[in-house]
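Enquirer: here's my sequence, what's the structure:
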Amino acid sequence: QVQLVESGGGLVQAGGSLRLSCAASGRTFSSLVMGWFRQAPGKEREFVAAINWSGGVTRYADSVKGRFTISRDNANDTMWLQMNSLKPEDTAVYYCAVNRDPYRTIVPGTVSAYDYWGQGTQVTVSS
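Expert: Numbers count the residues shown, from 1 in each chain. Here you go, the predicted structure:
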């Protein structure tokens, strides 16, 4: 059974940094696209960043470009999201997600394209 477990969330002041981790288990993830999404109270879940199977292709939402960096370690089925220069509007529950089609050449940026989801980790940025 596929499991995605996020960690690393917390409370941070504006301008600060956090590093989120996603530990995957239950199948081989090294050939799969992995991504991060977030959902703020009262808002729809939105795309943050995604990375292809090799780590050579990444995609970011415009709102986080230049501040967030996605990376992965296939040997350990782990993905990270380094978040710098955090803003209060980054406050949300952050979710790890995986697309189940192997060796995709396109990194999708929509909720519907992802098949497996973690439970989320709360990130709160105070002003």
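Enquirer: please make it C-alpha for all contacts and neighbour counts, starting now.
Expert: Noted.
Enquirer: so which residues of this structure form strands?
Expert: Ranges of strands in the chain, per DSSP state E, are 3-7, 10-13, 18-25, 34-39, 46-51, 58-60, 68-73, 78-83, 92-98, 116-117, 121-126.
Enquirer: in its sheet, which strands sit next to the fifth one, and in what direction?
Expert: Translated: strand 46-51. Sheet pairing of strand 46-51 (DSSP bridges) gives strand 34-39 (antiparallel), strand 58-60 (antiparallel).
Enquirer: for those, which one sits closest to Ser112?
Expert: Proximity to Ser112, assessed across the strands paired with strand 46-51 by CA to CA, is greatest for strand 34-39 (11.5 Å).
Enquirer: average pLDDT for that closest one?
Expert: Per-residue pLDDT over strand 34-39 has a mean of 98.
Enquirer: quick one: that strand to strand 68-73, angle?
Expert: Inter-element angle recorded for strand 34-39 and strand 68-73: 140 degrees (by axes from the mean of the first three to the mean of the last three CA atoms, to 10 degrees).
Enquirer: starting at the chain centroid, how far to strand 34-39?
Expert: The chain centroid and the centroid of strand 34-39 are separated by 4 Å, computed with CA atoms, centre = their mean, to the nearest Å.
Enquirer: for the residue positioned nearest the centre of the chain, give me its contacts.
Expert: In the chain, the centroid-proximal residue (CA atoms, centre = their mean) is Trp36; its distance is 2.0 Å. Listed by CA atoms under 8 Å, 6 or more residues apart in numbering, the contact set of Trp36 reads 47-50, 81, 94-97.
Enquirer: where in the chain is pLDDT low?
Expert: Low-confidence segments of the chain, defined by pLDDT under 70: none present.
Enquirer: now do 90
Expert: Across the chain, residues meeting the criterion (pLDDT under 90) sit at 1-2, 27-28, 105-106.
Enquirer: nearest residue to Arg38 in space, please, no chain neighbours.
Expert: Counting by CA to CA, 6 or more residues apart in numbering, the nearest residue to Arg38 once its immediate chain neighbours are dropped is Tyr94, at 4.2 Å.
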